Each structure stands twice: as structure tokens, then as C-alpha cells.
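*Asks:* Here you go, sequence then predicted model.
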Amino acid sequence: MGLFRKGNDGPFISKKDLTMHWDVEDPFMFVSHHTDDYPQGNAQMAPPLRQISGRNLGRDYQVRFGFRMYNGKVVPGFPKHAHWGYETLTLPMLGWIDHFDSTGSNGRYGFGDVQWVSAPAMFQHSEMYPLVNQDSRNPNDITQIFINLPLEEKNIEEPSVNTVWKENIPIIESVKSRTMVICGEYGWKSIYSPSTHTWAKKENSVRILRTDLEAGGSFVLDPAPEGVNRNVYLLNGKGVTILGEPVKEYCKVKIDPTKEVEIKTSDVPAVVWVLEGKPIGQKMASFGPITLSSEQEVRESLNVLRRTEFESWPWDLVDKANPVDSGRFLRRADGTVEVPPEK
């Protein structure tokens, strides 16, 4: 256990500052967290023309007027793009996401709903951020997490798209803290990925938590099995201590998974994420949207994608959005519609 001795990083194995893209460990591949304060939307659910003119539309990652357009040219967001060889989890705490994909499904989710997309083989979807409010601003807060798949579950033609409505997400509340159990077990509640192909299941000790701490609040993370990768991400909140050590905001700390961890706030609120999981531990190759067994397989798959990316897209637009009054739903290719449970 010499690896876990206290060193220059205090009681942590390591520390690292956060950017919009977080540093992660196997089985996680990538995390993007971004916030934007979008203005009121026009009839196209887009920002006013005067606020998007002069931008590098199609690749706008510079904050102007409080927001970015990302790859969108009308509605902000990410038009048709591929995923191949992994699973994604998307949580918009604020704002709406309109989803269209190559299986023929589409939907809208937001404000605490979680979408799981498993793409063992070629899969394409669009994720647009419609500015539904036309008489007030449209702020968003979106986190997307990529979880790898083992090699034996790649290139299986069974993509799956599922929405876990916020009403079905376990919540653990204690004095001055509220924890969303997005995946795994915490307290007396548990939930795992609904995907057909996934690493995010109980036997792999995958746990994803999001905790909101009020000023003066605390949160205790119970031990996980040895060998699990555990990282804690502090998004905001000055005066936070983890294992008694002060930690600055927008910081990641890697912690011994076998420890019980107490996180405390002082006089300001804080948001804390926990990502844990047993590593897959397989050698893989990646380029662009593809993660497979070897560089040769990746190159071959890129060629397939170039030849067929438009043939496999069943929609009339690559940046399609749902009608402004759509509400929350998931419509599958067979016409069945799933909606949130009634209160």
C-alpha cells in the first residue's frame, strides 16, 4: 500500500486542475462539463442573429455574450456525429437537449434527466440545445461522461438509447447535502446503466455520484473495493476540505478507494462529482470518435464511416430540433413513446 502514502499531494494520490474536459482514468475515457448562459430564443430556438454574427459557426468554443455555439450553426449544440466503441452518459442539470440518432429514435430531456447511449459499433446522433424559453434566458449546465466497453463487447450491432427520467434517479439527502446516485450504490439506494452493452454494472464497481453541498454541509463517501480507480472532482466551492485537506475549486483528486472520505464545505456551497470503477485494463486504439482493438481496425472503421455516414442518417437535417412545445419524451424507431412518470 506504499502507493497511497501521504506525499506532496497530502492525503491524495494525485491532484490536478480542472478544465472543461476532465482528466479521467479507466474505465472512463472522457468527461466534458460546460455551462452556458444562453439568451432567450427566437422562433428557431436559436440565439438572436446579432449575438452569433462574427463567430466561427460550426466550431465556436469561445465564450461570447455568455455562451458558445459549439458545432451548431442555428441551434447551439452538436449536429450529427459518430460514436463507436463506448457508452456515454449525459446529464443536463439545466437546459434541454434534443436527441436524434441513426436508429431512428429521437427525444427531448433535461433538468436532471440522464441519457445513456451505448454504441458498440457505428452509431450517429445529434445533440442540440434548443432555446425553448422565448421570454427569458436559457442557461444550461451539461456533463457528459464516456465509459469504455471491453473488446468482447465492441462491434456488436446493438446500439441502445435510454433515458432515466429525473423522477427515477435515486436521491440521498442529509443535513445540507443532496446526492444524485447516477450509477452504482450509495447509502441504501442503487441504479446501474440500462444499456444492452455496458461496463457500468455492479460487478465492475462503477459508481457515479453528484453531490450538492450547502454552506457548512458535509458528505461521506464510503469505501470501495481495492483496485478500483476513484477520482473526486470539485467544481465550485471555496473553503472545501477533503480528508481534512483544503482543496481549491475546479480540482480533481485521486484517492485510495479503500478509505472512507469526508468532504466538508465552509461558508459557500459546493458541487462534487465522484467517478469510480474497476479498470477494463485492455490495450485499445482510438482516433476521433472511434475506440477499438487496434490502429488497423480503427482505420478500417473510419473508412466505413466516411462511406456510409450520410446513408445511415434517417433525418432530413443533421442539426434537427424538436418543436418548441415538445416536452420530455423518447420516441423509438418503432413508434413507441416513453415519457416521465406522473408525479
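*Replies:* Arrived safely.
*Asks:* Okay, and Leu302 sits in which element?
*Replies:* helix 295-308 (DSSP states H and E).
*Asks:* Flag every buried residue along that helix.
*Replies:* 297-298, 301-302, 305 (16 or more other CB atoms under 10 Å). Backbone N, C-alpha and C define where each C-beta goes, glycine included.
*Asks:* Show residues contacting it.
*Replies:* 82, 84, 122, 285-292 (CB atoms under 8 Å, 6 or more residues apart in numbering).
*Asks:* and if we set it to 7 Å?
*Replies:* For helix 295-308, the external contacting residues (CB atoms under 7 Å, 6 or more residues apart in numbering) are 82, 84, 122, 285-288, 290, 292.
*Asks:* one step back: save the buried residues of helix 295-308 as JSON lines, and put in distance to Val324 too.
*Replies:* Below are the buried residues of helix 295-308 laid out as JSON lines (distance: CB to CB, whole Å):
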{"residue": "Glu297", "distance to Val324": "43"}
{"residue": "Val298", "distance to Val324": "40"}
{"residue": "Ser301", "distance to Val324": "37"}
{"residue": "Leu302", "distance to Val324": "37"}
{"residue": "Leu305", "distance to Val324": "32"}
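*Asks:* Check pLDDT for these and point me to the minimum.
*Replies:* Lowest pLDDT of the buried residues of helix 295-308: Leu305, 93.
*Asks:* still on that earlier bit, generate a PyMOL selection restricted to the buried entries among the contacts of helix 295-308.
*Replies:* Per 16+ other CB under 10 Å, the buried members of those correspond to this PyMOL selection:
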select buried, resi 82+84+122+286+290+292
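*Asks:* ok, so of the contacts of helix 295-308, who is nearest Val220?
*Replies:* Ser286 (35.9 Å; CB to CB).
*Asks:* Can you name the residues that contact that closest one?
*Replies:* Val298.
*Asks:* Could you measure from it over to Gly95?
*Replies:* 29 Å (CB to CB, to the nearest Å).
*Asks:* and the helix holding Leu302, how far out from the chain's middle?
*Replies:* Per CA atoms, centre = their mean, to the nearest Å, the displacement of helix 295-308 from the mean C-alpha position of its chain is 26 Å.
*Asks:* Show me what whichever helix or strand comes after it is packed up against.
*Replies:* Toward the C-terminal end, the helix or strand that comes next after helix 295-308 (DSSP H and E) is strand 329-331. Other helices and strands packing on strand 329-331, by 3 or more CB pairs under 7 Å, 6 or more residues apart in numbering; DSSP states H and E, are strand 106-110, strand 337-338.
*Asks:* Let me know the secondary structure of the closest residue to Asp101 other than its chain neighbours.
*Replies:* Computed as CB to CB, 6 or more residues apart in numbering, the closest residue to Asp101 that is not its neighbour in sequence is His125, at 3.7 Å. Of the three states, His125 takes strand according to DSSP: H, G, I helix; E, B strand; the rest coil.
*Asks:* Just confirm His125 contacts Thr103, I think it does.
*Replies:* No - between His125 and Thr103 there is no contact, the gap being 8.6 Å when judged by CB atoms under 7 Å.
*Asks:* how about the residue most central in space within the chain, phi and psi?
*Replies:* Centroid-nearest residue in the chain: Gln144, 1.7 Å away (criterion: CA atoms, centre = their mean). The phi/psi pair for Gln144 (degrees, to the nearest 10) reads phi -130, psi 130.
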